[in-house]
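J.: my questions concern the predicted model and sequence given below.
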Amino acid sequence: MRYISTRGTAPVLTFEEAMLTGLARDGGLYVPETIPTLSADQIAAMAGQSYEEVAFTVMRPFIGETFTDGEFRAIIARAYEGFGHEARAPLVQLAPNHFLLELFHGPTLAFKDFAMQLIGQMFQAALGRKGARVTIVGATSGDTGSAAIEAFRGLDNVDVFILYPHGRVSDVQRRQMTTPGESNVHALAMDGDFDDCQARLKDMFNDFEFRDGVKLAGVNSINWGRVLAQVVYYFTAAVSLGAPQRKVSFTVPTGNFGDIFAGYIARQMGLPITELVVATNQNDILDRCLKGQGYHKGGVHASISPSMDIQVSSNFERALFDAFDRDGNAVAQLMDELAGGGFDVSQGAMENLQEIYSSGRASEEETTATIREMRETTGELLCPHSAVGVKVAKEQRDPSVPMITLATAHPAKFPDAVEAATGIRPPLPPRMADLFEREERMTRVENNLDALKSLIKGKIAS
Ligand SMILES: Cc1ncc(COP(=O)(O)O)c(C=O)c1O
Ligand SMILES: N[C@@H](CCOP(=O)(O)O)C(=O)O
């Protein structure tokens, strides 16, 4: 299996190289050269299998020679053993033919743990046998950062720096990043919003002297390994509702487009998915684009679903690459236009996108009303991101096709929004009960590339 860049000019890599590289050297994102498919029989055989068994079947064709079957099975087993639910990603029913896929039973209570726990294990195995060390820099609107710090804390071969927007993450998210005491993890509270953090991260990747000097690696969803791990739960959920004989649809609370892109990969692999619905909050650039209004940046508006407060949605580049029939030049041109404010999508490419994705948005009031309504009608306490998904799913549903809405975080990560909607303040699970008593450790940083680079170089030298 070979990996190519969405901008067409970076070296072609193996899975291991793509995983350890992060962003491609032409500024693009790595994608598999071809998408392997699974037969209907292979998918049907997943019924009744453990999450770990399905994970092996789904991911094995993508990893090439990076790990033997035995190594890969052991990596998968270690990645998910700490999850707080035996099913790993259980489905609960909200209404006739509407289901919630609970993705928040991992160690940091968000869907990011599914991928981050896995790539933590894969990095450790790959770097350990090479005797190599890398510097991971990540950008987060709250959940990627906490999941990365949890997955990589104390590991021998990595230093981890997480840029988060100062004052724009929930208290639980911030404390998950700032309270681990291991000396290889660093939380950096940056001036600006998530887009600023992600832009500085990409600047670091595009500065080859810095990149090569610190051996920079990325664990945002620019890393193909992140997307790949998220493909698995589309299979487990769909199969438990009768796939491949029965079609299903998914609604995905969306920001950086990694999670819904994983759904697209599942569909390309042969999973019968009718609709993939992108659900956005008031930062609705993706909804507007998928409705044919072009991709034009505005400001990022802080919302009660802060992890989705994003305008420059990184993985949309991967979707565009396929919509433009894998024309790297066309994608590179659009990304240049995006740097200047935005771009319009040609009719043919738009039709390709609309054949796969539909979309909707939820305002702040609609999100709060959905949290309240779901509590009253089903007893479920939703986090605000999941509520955005449920609100959009209810509007988009064909009642004859099962709709699965992804519940991307635990309500206790966003207690203020949940309490405002329902009067209930969801408690943290017992293992985190002392989170607010632990000491915080973070560095305040300016939105300045040179300052960030020297801070990182200084910390890894010390
Ligand atoms: C809780 C939560 N929901 C939804 C999203 C959006 O996911 P994606 O960025 O993969 O579109 C995020 C951030 O990534 C998140 O943390
Ligand atoms: N919502 C994310 C934003 C970064 O997304 P990623 O999937 O590209 O890592 C977050 O919680 O940080």
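T.: Here it is on my side, so go on. Numbering: from 1, shown residues only. Ligands and ions are numbered 1, 2, ... in the order given.

J.: and residue 287, how far is that from residue 359?
T.: 4 Å (Cβ to Cβ, to the nearest Å). For the C-beta atoms, the positions are set from N, CA and C on the backbone; glycine is no exception.

J.: over to residue 400?
T.: Counting by Cβ to Cβ, the gap from residue 400 to residue 359 is 21 Å.

J.: leaving out chain neighbours, which residue sits closest to residue 172?
T.: Among residues not flanking residue 172 along the chain, residue 413 sits closest, at 4.8 Å (Cβ to Cβ, 6 or more residues apart in numbering).

J.: residues from the stretch 251-400 of the chain in reach of ligand 1?
T.: Contact residues (Cβ under 6 Å from any ligand atom) of the stretch 251-400 of the chain with ligand 1: 253-259, 307-308, 385.

J.: need the buried ones from these selected in ChimeraX.
T.: Burial among those is assessed by 16 or more other Cβ atoms under 10 Å; the matching ChimeraX selection reads:
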select :253,254,255,256,257,258,259,307,308,385
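
J.: returning to what we had before: residue 287 and residue 359: which has the busier surroundings?
T.: When neighbours are counted by other Cβ atoms under 10 Å, residue 287 and residue 359 differ, and residue 359 comes out ahead with 23 against 20.

J.: could you count how many residues lie near the residue nearest to residue 172?
T.: The tally of other residues near residue 413 (other Cβ under 10 Å) stands at 29.

J.: tell me the contacts of it?
T.: Counting by Cβ atoms under 8 Å, 6 or more residues apart in numbering, residue 413 touches 104, 109-110, 142-143, 170, 172-173, 383.

J.: mind giving me a markdown table with those residues and columns for pLDDT?
T.: Output for the contacts of residue 413, formatted as a markdown table (pLDDT from 0 to 100):
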| residue | pLDDT |
| --- | --- |
| 104 | 98 |
| 109 | 98 |
| 110 | 98 |
| 142 | 95 |
| 143 | 97 |
| 170 | 95 |
| 172 | 97 |
| 173 | 97 |
| 383 | 98 |
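
J.: could you measure from residue 272 over to residue 356?
T.: Counting by Cβ to Cβ, the gap from residue 272 to residue 356 is 13 Å.

J.: same thing with residue 84?
T.: 33 Å.

J.: what do you get for residue 180?
T.: 39 Å.

J.: kindly report the same for residue 375.
T.: 33 Å.

J.: how about the nearest residue to residue 104, chain neighbours excluded?
T.: Nearest residue to residue 104, sequence neighbours excluded (Cβ to Cβ, 6+ apart): residue 410, at 3.9 Å.

J.: in a strand, residue 277, correct?
T.: Yes: counting by DSSP: H, G, I helix; E, B strand; the rest coil, residue 277 is located in a strand.

J.: name the element the closest residue to it other than its chain neighbours belongs to?
T.: Leaving aside its sequence neighbours, residue 277 sits nearest to residue 251 (Cβ to Cβ, 6+ apart; 4.1 Å). For residue 251, the host element (DSSP states H and E) is strand 248-253.

J.: now do that strand: distance to the chain's middle.
T.: Distance of strand 248-253 from the chain centroid (Cα atoms, centre = their mean, to the nearest Å) equals 15 Å.

J.: need the helices for the stretch 101-250 of the chain, in chain order.
T.: All helices of the stretch 101-250 of the chain, identified by DSSP state H, counting those that start in this stretch, fall at 112-130, 143-152, 171-178, 194-206, 208-214, 224-240.

J.: deepest of those, which one?
T.: helix 143-152 (a mean of 28; mean count of other Cβ atoms under 10 Å).

J.: isn't the residue nearest to residue 104 right up against residue 110?
T.: Yes: using Cβ atoms under 8 Å, residue 410 is in contact with residue 110, at 7.1 Å.

J.: intersection of neighbour lists for these two?
T.: Joint contacts of residue 410 and residue 110 (Cβ under 8 Å, 6+ apart) are residue 104.

J.: burial measure for the closest residue to residue 82 other than its chain neighbours, as a count.
T.: Nearest residue to residue 82 in three dimensions, chain neighbours excluded: residue 107, at 5.4 Å (Cβ to Cβ, 6+ apart). By other Cβ under 10 Å, 19 other residues sit near residue 107.

J.: pretty sure residue 107 is touching residue 153, no?
T.: No: using Cβ under 8 Å, residue 107 is not in contact with residue 153; the gap is 10.5 Å.

J.: could you dump the helices of the stretch 101-250 of the chain to CSV with distance to ligand 2?
T.: Converted to CSV, these look like this (distance: least, Cβ to the nearest ligand atom, whole Å):
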stretch, distance to ligand 2
helix 112-130, 6
helix 143-152, 3
helix 171-178, 8
helix 194-206, 6
helix 208-214, 18
helix 224-240, 6
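
J.: pick out the residue in the stretch 1-150 of the chain sitting closest to ligand 1.
T.: At 3.3 Å from ligand 1, residue 143 is the closest residue in the stretch 1-150 of the chain, using Cβ to the nearest ligand atom.

J.: residues contacting that residue?
T.: Residues in contact with residue 143, defined by Cβ under 8 Å, 6+ apart, are 108, 110-112, 173, 307, 408-409, 413.

J.: name the nearest residue to residue 144, sequence neighbours excluded.
T.: Nearest residue to residue 144, sequence neighbours excluded (Cβ to Cβ, 6+ apart): residue 112, at 5.3 Å.

J.: so what's that neighbour up against?
T.: 106, 143-144, 146-148.

J.: go on, residue 436?
T.: So, once contact is read as Cβ under 8 Å, 6+ apart, residue 436 ends up touching 171, 175.

J.: checking my notes, it in a helix, right?
T.: Yes: assessed with three-state DSSP, residue 436 lies in a helix.

J.: out of the residues of the stretch 251-400 of the chain next to ligand 1, which sit inside helices?
T.: Assigned to helices by DSSP state H, the following of those qualify: 258-259, 385.

J.: can you show me the strands along the stretch 51-200 of the chain?
T.: For the stretch 51-200 of the chain, the strands defined by DSSP state E, counting those that start in this stretch occupy 91-95, 98-102, 134-139, 158-165, 185-190.

J.: in TSV, list those along with mean neighbour count, mean pLDDT and distance to residue 435.
T.: Shown next, in TSV, are the strands of the stretch 51-200 of the chain (neighbours: other Cβ atoms under 10 Å; pLDDT from 0 to 100; distance: least, Cβ to Cβ, whole Å):
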stretch	mean neighbour count	mean pLDDT	distance to residue 435
strand 91-95	16	96	26
strand 98-102	23	98	21
strand 134-139	26	98	20
strand 158-165	25	98	16
strand 185-190	23	98	14
